[in-house]
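>>> attaching a predicted model along with its sequence, questions to come.
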Amino acid sequence: MLRLPAQGPAPRGETTSRARAAVLSITGSIVAIGIAAVGLLVVPIAALVVFGPALFDLLR
């Protein structure tokens, strides 16, 4: 079995850096999901803007 050398607690700066990296990663994922969701709404909104008035006229 491979034995790793004993390591003490991580230095304070390294812990802060890891926490900051984790927060930025999660925030980046949330932003990416938000951009993808907005991208999915572009086509239906554009279709409503283009064809909406004609469709409303047909319903009258």
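Alright, I've got the coordinates. Model, not experiment: these values are computed from the prediction.

>>> same for the one helix or strand I30 maps to, what does it pack against?
For I30, the element it lies in under DSSP states H and E is helix 12-59. Judged by 3 or more CB pairs under 8 Å, 6 or more residues apart in numbering; DSSP states H and E, helix 12-59 has no packing partners among the helices and strands. Heads up, the C-betas are built off the backbone N, CA and C, glycines and all.

>>> mind showing which ranges of the chain have poor pLDDT?
1-10, 13 (pLDDT under 70).

>>> again, only using 80
1-15 (pLDDT under 80).

>>> quick revisit: distance between the helix holding I30 and the chain's centre?
7 Å (CA atoms, centre = their mean, to the nearest Å).

>>> and what of stretch 45-60?
Its chain's C-alpha centre and that of stretch 45-60 lie 32 Å apart, by CA atoms, centre = their mean.

>>> put the alpha carbons of that stretch into PDB.
Backbone C-alpha positions of stretch 45-60 (Å, rounded to 0.1, in the frame of the first residue of the first chain) are rendered in PDB as follows:
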ATOM      1  CA  ILE A  45     -39.300  36.000 -27.700                       C
ATOM      2  CA  ALA A  46     -38.100  36.900 -31.200                       C
ATOM      3  CA  ALA A  47     -40.900  34.700 -32.700                       C
ATOM      4  CA  LEU A  48     -43.500  36.500 -30.500                       C
ATOM      5  CA  VAL A  49     -42.200  39.900 -31.600                       C
ATOM      6  CA  VAL A  50     -42.200  39.000 -35.300                       C
ATOM      7  CA  PHE A  51     -45.400  36.900 -35.500                       C
ATOM      8  CA  GLY A  52     -47.300  38.200 -32.500                       C
ATOM      9  CA  PRO A  53     -49.200  41.000 -34.200                       C
ATOM     10  CA  ALA A  54     -50.300  38.800 -37.100                       C
ATOM     11  CA  LEU A  55     -51.500  36.100 -34.700                       C
ATOM     12  CA  PHE A  56     -53.400  38.500 -32.600                       C
ATOM     13  CA  ASP A  57     -55.100  39.800 -35.700                       C
ATOM     14  CA  LEU A  58     -56.100  36.300 -36.700                       C
ATOM     15  CA  LEU A  59     -57.800  35.800 -33.200                       C
ATOM     16  CA  ARG A  60     -60.000  38.800 -33.700                       C
END
